[in-house]
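S.K.: Predicted model and sequence follow; I will ask about them next.
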Amino acid sequence: MSTRIAFLKGHGTQNDFVIVPDPENALDLTPAAVAALCDRRAGLGGDGLLHVVRSAAHPEARHMAGEAEWFMDYRNGDGSVAEMCGNGVRVFARYLQRAGHAAEGDLAVATRGGVKSVHIAKDGDITVGMGRARLPEGEVTVTVGERSWPARNVNMGNPHAVAFVDDLAHAGDLLSPPSVSPAAAYPDGVNVEFVVDRGPGHVALRVHERGAGETRSCGTGACAVAVAAARRDGLDPAVTGLPATYTVDVPGGRLVITERPDGAIEMTGPAVIVAEGEIDTEWLRTAAAG
């Protein structure tokens, strides 16, 4: 590893991330190193890590380099690799703006879930084109303690199980993953959202993210919830020809999700950089070694 490793800390609706700029992909960020950095007591603390790499320098992103200069090599807080993170894309874009790699307006960000279109507005909010939702067939059930609910299987580039409940407290403490069946529906694990109604076009959620536990916000989860709520409410923009917009309250703030008639989903919300500094490389080497 380099003798000096810069980092920043940021959040999107309190979904927080360690940001490690590494344009040429020179750092060996092992799962153990990522987990150590994201540790809230012994490290910097974060729901995940945003590894900022030029697409051309990363073997998983070179094929996207013609569309997007920068690749969001996203890792969960436990060090595992994830396909996408909606709040993370907004914070990633905010970092690129801060570093002078992007300006107000449009840019493209490469992710394992494909190239995402991003718009940085003058008012500070960032909108991310989240792609299209897939709605796999088959019934899914979510269980916490003695309670069970039918859930909607929604894939936003990563898997979600969306359960509508009467009270968000019914989700329990979310320290461990809720039970989801059948297990075959989610061979690589699943993010589970518990949702209540706040009013017309307005819902609130709690979420257990695979590899991170309960988080203050989940961007792809908010999109999955909006799509599930729209279908529950009899709204399908592909059929009506009209966009469907839902305000989604998360524990850390508020996101606005719009599904367009062509299936494209847009997420708008804040993104904040709160600190920057340098990682003690000797500490990281020792912590990563276990």
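M.R.: On my side now, so go ahead. Numbering: from 1, shown residues only.
S.K.: pLDDT weak spots in the stretch 51-200 of the chain?
M.R.: Along the stretch 51-200 of the chain, segments meeting pLDDT under 70 are nowhere present.
S.K.: all strands in it, in order from the N-terminus.
M.R.: Under the criterion DSSP state E, counting those that start in this stretch, strands of the stretch 51-200 of the chain are mapped to 70-76, 105-111, 114-120, 126-132, 140-144, 147-155, 159-164, 179-181, 191-199.
S.K.: Export those to JSON lines and append columns for distance to Ala171 and mean neighbour count.
M.R.: Every C-beta, even on glycine, is put in place using the N, C-alpha and C of the backbone. What follows is the strands of the stretch 51-200 of the chain, written out as JSON lines (distance: least, C-beta to C-beta, whole Å; neighbours: other C-beta atoms under 10 Å):
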{"stretch": "strand 70-76", "distance to Ala171": "20", "mean neighbour count": "25"}
{"stretch": "strand 105-111", "distance to Ala171": "28", "mean neighbour count": "20"}
{"stretch": "strand 114-120", "distance to Ala171": "29", "mean neighbour count": "19"}
{"stretch": "strand 126-132", "distance to Ala171": "24", "mean neighbour count": "22"}
{"stretch": "strand 140-144", "distance to Ala171": "6", "mean neighbour count": "19"}
{"stretch": "strand 147-155", "distance to Ala171": "9", "mean neighbour count": "19"}
{"stretch": "strand 159-164", "distance to Ala171": "8", "mean neighbour count": "26"}
{"stretch": "strand 179-181", "distance to Ala171": "12", "mean neighbour count": "17"}
{"stretch": "strand 191-199", "distance to Ala171": "4", "mean neighbour count": "21"}
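S.K.: Redo the ones you listed as JSON lines? Include distance to Pro31.
M.R.: JSON lines is the format used below for the strands of the stretch 51-200 of the chain (distance: least, C-beta to C-beta, whole Å):
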{"stretch": "strand 70-76", "distance to Pro31": "8"}
{"stretch": "strand 105-111", "distance to Pro31": "19"}
{"stretch": "strand 114-120", "distance to Pro31": "23"}
{"stretch": "strand 126-132", "distance to Pro31": "26"}
{"stretch": "strand 140-144", "distance to Pro31": "28"}
{"stretch": "strand 147-155", "distance to Pro31": "24"}
{"stretch": "strand 159-164", "distance to Pro31": "20"}
{"stretch": "strand 179-181", "distance to Pro31": "24"}
{"stretch": "strand 191-199", "distance to Pro31": "19"}
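S.K.: quick one: which of these is nearest Ala36?
M.R.: strand 70-76 (11.7 Å; C-beta to C-beta).
S.K.: counting contacts, what elements does the closest one pack onto?
M.R.: If you count contacts as 3 or more C-beta pairs under 8 Å, 6 or more residues apart in numbering; DSSP states H and E, strand 70-76 packs onto strand 48-54, helix 86-98, strand 105-111.
S.K.: if we go to 6 Å?
M.R.: If you count contacts as 3 or more C-beta pairs under 6 Å, 6 or more residues apart in numbering; DSSP states H and E, strand 70-76 packs onto strand 48-54, strand 105-111.
S.K.: of all those, which lies closest to Gly88?
M.R.: Closest among the helices and strands packed on strand 70-76, once you apply C-beta to C-beta, is strand 48-54, at 5.6 Å.
S.K.: Can you check what angle separates that closest one from strand 70-76?
M.R.: 160 degrees (axes from the mean of the first three to the mean of the last three C-alpha atoms, to 10 degrees).
S.K.: The chain should start at 8 in everything you say after this.
M.R.: Shifting the count to begin at 8 puts that one at strand 55-61.
S.K.: For Ala42, which three-state class applies?
M.R.: What DSSP: H, G, I helix; E, B strand; the rest coil gives for Ala42 is helix.
S.K.: can you tell me which residues contact His167?
M.R.: His167 makes contacts with Val161, Asn198, Gly228, Ala231, as judged by C-beta atoms under 6 Å, 6 or more residues apart in numbering.
S.K.: Please repeat the previous calculation with a cut-off of 8 Å.
M.R.: Applying C-beta atoms under 8 Å, 6 or more residues apart in numbering, we find His167 in contact with Asn160, Val161, Val197, Asn198, Val199, Glu200, Thr227, Gly228, Ala231, Val232.
S.K.: who does it bridge with?
M.R.: Val161, Asn198 (DSSP bridges).
S.K.: just to revisit the earlier point, can I get the contacts of His167 in TSV including distance to Gly284?
M.R.: Below are the contacts of His167 laid out as TSV (distance: C-beta to C-beta, whole Å):
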residue	distance to Gly284
Asn160	41
Val161	38
Val197	35
Asn198	30
Val199	34
Glu200	34
Thr227	29
Gly228	30
Ala231	34
Val232	35
